[in-house]
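# Kindly return the folded structure for what I paste below:
(2 chains)
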Amino acid sequence: MSKKYEITNRIRELRFFAGEMTQQELARRAAVSRQTIIAVEAGKYAPSLEMAFRIADVFGVAITEVFTCVVHELEGKKT
Amino acid sequence: MSYQEKRTLVNILSGVPVFIAYGIYVFVRIRSGSAEPNDLRFWGITMLTFIGIGVASAIVLQILFHIGLSISIAIKKGDGKESEIEKDIEATIIEDEMDKLIELKSLKLGFSITGIGFVIALIFLAVTGSAAGMLNIVFFSFGLGSISEGFLSLRYYRKGLKNV
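Sure, this is the predicted structure:
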């Protein structure tokens, strides 16, 4: 049975808890562009493992605290 | 609009006028009788000239764009330190994996259009025997490929990579 993997993230929430860190600041500290942070936060781009680790490192949390994977089965069930 | 989108727009804007200018120039020269449509030397010189103009205009526009961008960042920053302004400029023009991925995907479309154009040009040559027509189709497909590449990049930046 084939599955669809959807990567979700808590970047907006983590930015809030980091003193309402701006996207520009996060981008600068993770060494990526602000456009990329906007796309990742909106779920329009799934970052590479390296970038995901860099973003998690900025917040000082584990990668799983930032990114989670929701698995959709073909029937539309979520696991 | 982000830096990447603006840069892509500048690329498109630098290519389109040169392409239009080429069309007008060729039309006027042939219409006035000062150039022969079957003179391959004329086409070779004209295309080389316009490729040169296109490259030069792209470089000049990119330089002007980056100067304008740096000035606008410095103005926004007000009386901030020079090192902070430099950091802001560096953070703005940074190229990361998403930019590279978008560039790769867009390049693929550009190459595809150019390749299809080349095949059409060969078919045209086989059917009509007109080398000048073939050269123009190849030239046109290069231009179209380059412009499409720019528009696809813009689309990826707007919609994201997953939604396209």
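
# For the residue most central in space within chain A, which non-adjacent residue is spatially closest?
Closest residue to the average C-alpha location of chain A: A:Asn9 at 3.8 Å, with Cα atoms, centre = their mean. Excluding its sequence neighbours, the residue lying closest to A:Asn9 (Cβ to Cβ, 6 or more residues apart in numbering or on different chains) is A:Phe67, at 5.1 Å. (Each C-beta comes from the backbone N, C-alpha and C, glycine too.)

# Get me the contact residues on chain B for chain A.
Neighbours of chain A within chain B, by Cβ under 8 Å from any Cβ of the partner chain: B:2-5, B:87, B:91-92, B:94-99, B:157, B:159-163.

# Buried ones from these, can you make that a ChimeraX selection?
Only the buried entries of those go into this ChimeraX selection, using 16 or more other Cβ atoms under 10 Å in any protein chain shown:
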select /B:2,3,4,91,92,94,96,98,99,157,160
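
# Tally up the residues packed near B:Ser143, please.
Quick fix: residue B:143 is Gly, not Ser. Neighbour count for B:Gly143, taken as other Cβ atoms under 10 Å in any protein chain shown: 23.

# Next, report how far the strand or helix carrying it is displaced from the centre of its chain.
Using DSSP states H and E, B:Gly143 sits in helix B:131-159. The chain centre lies 8 Å from the centre of helix B:131-159; the measure is Cα atoms, centre = their mean, to the nearest Å.

# And for stretch B:79-88?
Relative to the chain's own centre, stretch B:79-88 is displaced by 32 Å; criterion: Cα atoms, centre = their mean.

# Return the set of buried residues in that stretch.
By neighbour count on 16+ other Cβ under 10 Å, the buried set for stretch B:79-88 is B:Ile85, B:Asp88.

# Which residues does it contact?
For stretch B:79-88, the external contacting residues (Cβ atoms under 8 Å, 6 or more residues apart in numbering or on different chains) are A:Arg28, B:Ile73, B:Ala74, B:Lys77.

# Also stretch A:3-19?
A:21-23, A:26, A:37, A:40-41, A:43, A:46, A:55, A:59, A:61, A:65-74.
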